[in-house]
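Visitor: this is a predicted model, with the sequence first.
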Amino acid sequence: MLPLAVPLNDDTVSPGLLGFGVFLALVVATVFLIRSMNKQMKKIQAPREADLKQQEWERAQAARAAAESEGRAAAPSGGAAVRPEPGPGGDRPSGGA
């Protein structure tokens, strides 16, 4: 038997320096990962709501123009194409942000 053998219990068993080193390494790795994530998030350029509305309006105008051009091609030569009326807000959405 070992002369300095101590019975094992919650008071005599601890994680020691190895446990502290692993914990410290995890903390350092987490800090670097968070910093890297923040740099990557700053690079993302999310569109603003006004830009999304403008794109939607442009798509609607393009679809309307395509429908009008198809209507003109299908209409007889003497017929006039009917132009759709603008919506309640006018032809173009407001760019308010």
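Guide: Done, it's in.
Visitor: got the buried residues for the lengthiest helix in the chain?
Guide: Across the chain, the longest stretch assigned as helix under DSSP state H is helix 16-43. Across helix 16-43, burial judged by 16 or more other C-beta atoms under 10 Å covers no residue at all. C-beta coordinates here come from the backbone N, C-alpha and C atoms, glycine included.
Visitor: could I get the average pLDDT for it?
Guide: What helix 16-43 shows for mean pLDDT is 96.
Visitor: ok, then the element right after that helix?
Guide: helix 49-74 (DSSP states H and E).
Visitor: counting by contacts, list what that next one packs against.
Guide: Where contact means 3 or more C-beta pairs under 8 Å, 6 or more residues apart in numbering; DSSP states H and E, helix 49-74 is not packed against any helix or strand.
Visitor: list the buried residues of that helix.
Guide: By neighbour count with 16+ other C-beta under 10 Å, helix 49-74 contains no buried residues.
Visitor: let's see stretch 23-41 as CSV, backbone CA atoms only.
Guide: Taking Å, rounded to 0.1, in the frame of the first residue of the first chain, the C-alpha atoms of stretch 23-41 are listed here in CSV:
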residue,chain,number,x,y,z
PHE,A,23,-11.4,24.7,-20.0
LEU,A,24,-9.1,27.7,-20.8
ALA,A,25,-8.5,26.3,-24.3
LEU,A,26,-12.2,26.0,-24.9
VAL,A,27,-12.8,29.6,-23.7
VAL,A,28,-10.0,30.9,-26.0
ALA,A,29,-11.3,28.9,-29.0
THR,A,30,-14.8,30.3,-28.4
VAL,A,31,-13.6,33.9,-28.3
PHE,A,32,-11.8,33.4,-31.6
LEU,A,33,-14.8,31.7,-33.2
ILE,A,34,-17.1,34.6,-32.1
ARG,A,35,-14.7,37.2,-33.5
SER,A,36,-14.5,35.4,-36.8
MET,A,37,-18.3,35.0,-37.0
ASN,A,38,-18.7,38.8,-36.3
LYS,A,39,-16.3,39.6,-39.2
GLN,A,40,-18.2,37.3,-41.6
MET,A,41,-21.6,38.8,-40.5
